[in-house]
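Undergrad: just coords:
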């Protein structure tokens, strides 16, 4: 066994994430590690909270970055809020809705599924009908931007309906945060989680989460302990409290938080609305190019995620061969289909720093070449 | 609110972790992010497995780095192996033994505590007496190197006793891995977890874990699902399987794994035994210097961790003032006491890259100055 230092190539990341990380963020990442209880680091964590509040458009005091990937963020929302006596309505229109169901089941709670079509937004009317049928429902959970299908759901309307039936809302914003409009407070989202490696263009490994006051109340008034010690947010709250009385929970991933801080600063400096517009513009450029290549979108136009473009693999084209060719010849990564779309679709990401004209141009040119290969 | 890029100072980290990270590891950390399903990255993960097997001295096939801090590694060991019908003997001689108890309780299993003295090793005879009394015990759990007290327990003997009573062993090696002798296979450890930010001198955020074949058997034959989806190692196994059939679970923290790969390479290149010797030598140098300053160790000599030196704060000395002075004047971090030792002790770390003559020299000189301040 002779293992050498790992020197990765410079890829262009246009899959479903991780997305391209800017040199500015990579540079922040590698600054000298300091202690996680160092007063300077605690101050930086406060800034991360404040920058995340901006990104989420919330004034929720409990807005932090969890020290683990987005799937742990999802689990944190469920295991802290839901107990075994609760009924949870989960809207499923892709892999991540299905994962929510798995989370609810492991808690032992009752799950009611609003089953939607893959590649389509969640149907608000189906949710409303379900809630009429299950008045005992306490939570409504759905995925804002389905990473497995590229469909954007109308989170504002879905939350309105949930509120009408007195439900708390749990929203997956892994792929939406920073890429499309998301307004946690205005829309009435009670628990939301995201990932660092999508439209924030930070390195993977962190999960921004935010809980409304009402959600925090639910956590504080639990009668049974949260099954997970690591994800117990009543302990994590103390760790992020920042008012000088910070209590030890675990060792924060110091350097990854430097990177998140920097990527959130970049978002703030661009302006959140400007970032949404940029994603939309680059998406339109990409759509023109794909159209010229005869490649069709799977999701209807008004339900498409600009930052994740799911397209049908053209007839007679070898999925794996094309992706390998793009990677080897152009150092370009696009995503494979997932779940029902495995082997049927490609997922082309334009997330965060990757949503740039040069990436779109490269992708179209490289795809054109790849499709012309025998 | 005007937030700027965060530029941390260059600290010398001689607390209980994170430890000093070498420039070589920081440089690896900031290499360009590639996709977590990229064949090159999958190959690197295989190398990380192999390097971790060396560090743990194990041939366990299931040896990986969990995508979360050491406390998640602890939880992963417990929630995957222990079910609510089981009896677990936990040896407690510090904060992290107590945390193990908390983990067992949240599973709903029966916990039997072998209560030891803070600042002392676990007493093998007390464990044996306990196992005689509780023949139904299925697991024995203990902390090899108690980060809260600086005490090293005789893991080899404790495991021997556990095996004599047909128990599986769960061992916390967060602070021991790389710093003192640890032989997972020879000693009969069934589940072990560590942290990236101690004697491996990698950035915080990852938890190396390893499960014996027998432990994997227990996981595979569970009749109830693991309460945590994120920590369900039967899913994580598939993700790390590396035989080309790698199945998606979550997005690995790509850059942190670059850093871990590099830090493990450094350990391999130095040689594991050499690293143990280096920690011991630097510890002895530090002990001489502390002795000259009239600072006394809390742990008896033959139970001391070389990499974490717990000393009594001298009479009349202001704990917080001294640590602040060291930080502000020397950019030197030493650790506060934790739990029972809060305000009573300092914890001086010599972990991994921090176990160097220049660090010892700085620490002694700076402490001398700090103690002389009014």
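TA: Alright, I've got the coordinates. Only a predicted model underlies this, so the values are computations on that prediction, with no experimental measurement involved.

Undergrad: Please name the spatially closest residue to residue A:32 (chain neighbours excluded).
TA: Distance criterion Cβ to Cβ, 6 or more residues apart in numbering or on different chains; nearest residue to residue A:32, sequence neighbours excluded, is residue B:10 at 5.0 Å. C-betas here are computed from N, CA, C, even on glycine.

Undergrad: Pull the number of nearby residues for that neighbour.
TA: Using other Cβ atoms under 10 Å in any protein chain shown, residue B:10 has 10 neighbouring residues.

Undergrad: Check residue A:304 too.
TA: Residue A:304: 21 surrounding residues under other Cβ under 10 Å.

Undergrad: surely it meets residue A:149?
TA: No - Residue A:304 lies out of contact with residue A:149 (Cβ atoms under 8 Å); the separation is 10.2 Å.

Undergrad: quick revisit: for the residue nearest to residue A:32, helix, strand, or coil?
TA: Classification of residue B:10 by DSSP: H, G, I helix; E, B strand; the rest coil places it in coil.

Undergrad: Does it touch residue B:331 like I think?
TA: Yes - Residue B:10 is in contact with residue B:331 according to Cβ under 8 Å; the separation is 6.3 Å.

Undergrad: any idea how far residue A:339 is from the most centrally placed residue in chain A?
TA: Nearest to the mean C-alpha position of chain A, counting by Cα atoms, centre = their mean, stands residue A:174 at 0.8 Å. Distance from residue A:174 to residue A:339, counting by Cβ to Cβ, to the nearest Å: 15 Å.

Undergrad: what does the stretch 51-200 of chain A put close to chain B?
TA: Neighbours of chain B within the stretch 51-200 of chain A, by Cβ under 8 Å from any Cβ of the partner chain: A:51, A:67-72, A:75, A:79, A:99, A:102-103, A:105-107, A:195, A:197.

Undergrad: out of the residues you listed, which are inside helices?
TA: A:51, A:70-72, A:75, A:79, A:99, A:102-103, A:105-107 (DSSP state H).

Undergrad: hmm, which two among the residues you listed are most spread apart?
TA: Pairwise distances across those peak at 34.7 Å for A:51 and A:105 (criterion: Cβ to Cβ).

Undergrad: More neighbours: the two, which one.
TA: Between residue A:51 and residue A:105, residue A:51 has the larger neighbour count (other Cβ under 10 Å), namely 23 against 15.

Undergrad: looking at it, the more buried one is touching residue A:262, isn't it?
TA: No - counting by Cβ under 8 Å, residue A:51 does not reach residue A:262; the two are 9.9 Å apart.

Undergrad: element containing the residue nearest to the centre of chain A, please.
TA: Using DSSP states H and E, residue A:174 is not contained in any helix or strand.

Undergrad: quick one: contacts for the residue nearest to residue A:185 when sequence neighbours are not counted?
TA: In space, and not counting its chain neighbours, residue A:185 is closest to residue A:58: 4.8 Å by Cβ to Cβ, 6+ apart. By Cβ atoms under 8 Å, 6 or more residues apart in numbering or on different chains, the contact list for residue A:58 reads A:184-185, A:189, A:210, A:212.

Undergrad: which of those residues count as buried?
TA: Burial by neighbour count, 16 or more other Cβ atoms under 10 Å in any protein chain shown: within the contacts of residue A:58 this picks out A:184, A:189, A:210, A:212.

Undergrad: From those, pick the one nearest residue B:367.
TA: Taking Cβ to Cβ as the measure, residue B:367 lies nearest residue A:210 of those, at 42.6 Å.

Undergrad: How about the contacts made by the closest one?
TA: Contacts for residue A:210 (Cβ under 8 Å, 6+ apart) come out as A:52-53, A:56, A:58, A:60, A:62-64, A:184, A:189, A:191-192.

Undergrad: Check whether it sits in a helix, strand or coil.
TA: Residue A:210 carries the three-state label strand when classified by three-state DSSP.

Undergrad: For it, which non-adjacent residue is spatially closest?
TA: Nearest to residue A:210 is residue A:63, by Cβ to Cβ, 6+ apart, at 4.1 Å.

Undergrad: and residue A:360, how many neighbours?
TA: The number of residues near residue A:360, taken as other Cβ under 10 Å, comes to 24.

Undergrad: oh sorry, the question was meant for residue A:234
TA: Based on other Cβ under 10 Å, the number of other residues close to residue A:234 is 13.

Undergrad: about what we covered before: want to try CSV for the contacts of residue A:58, with pLDDT as columns?
TA: Listed next are the contacts of residue A:58 as CSV, based on pLDDT from 0 to 100:
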residue, pLDDT
A:184, 98
A:185, 98
A:189, 98
A:210, 98
A:212, 98
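
Undergrad: biggest separation within those residues, which pair?
TA: Greatest spatial distance in those: A:185 and A:210, 9.4 Å, computed using Cβ to Cβ.

Undergrad: any common contacting residues for those two?
TA: Common neighbours of residue A:185 and residue A:210 (criterion: Cβ under 8 Å, 6+ apart): A:58, A:60.

Undergrad: Flag the shaky bits of the stretch 201-350 of chain A, pLDDT-wise.
TA: Counting by pLDDT under 70, the stretch 201-350 of chain A has low-confidence residues at A:242-245.

Undergrad: Make sure I have this right: residue A:235 is in a helix.
TA: Yes - counting by three-state DSSP, residue A:235 is part of a helix.

Undergrad: Hmm, residue A:229 and it touching each other?
TA: Yes - between residue A:235 and residue A:229 there is a contact at 7.5 Å, judged by Cβ under 8 Å.

Undergrad: Compare the two (neighbour count), which wins?
TA: Set residue A:235 next to residue A:229 and count neighbours by other Cβ under 10 Å: residue A:229 wins out with 23 against 17.
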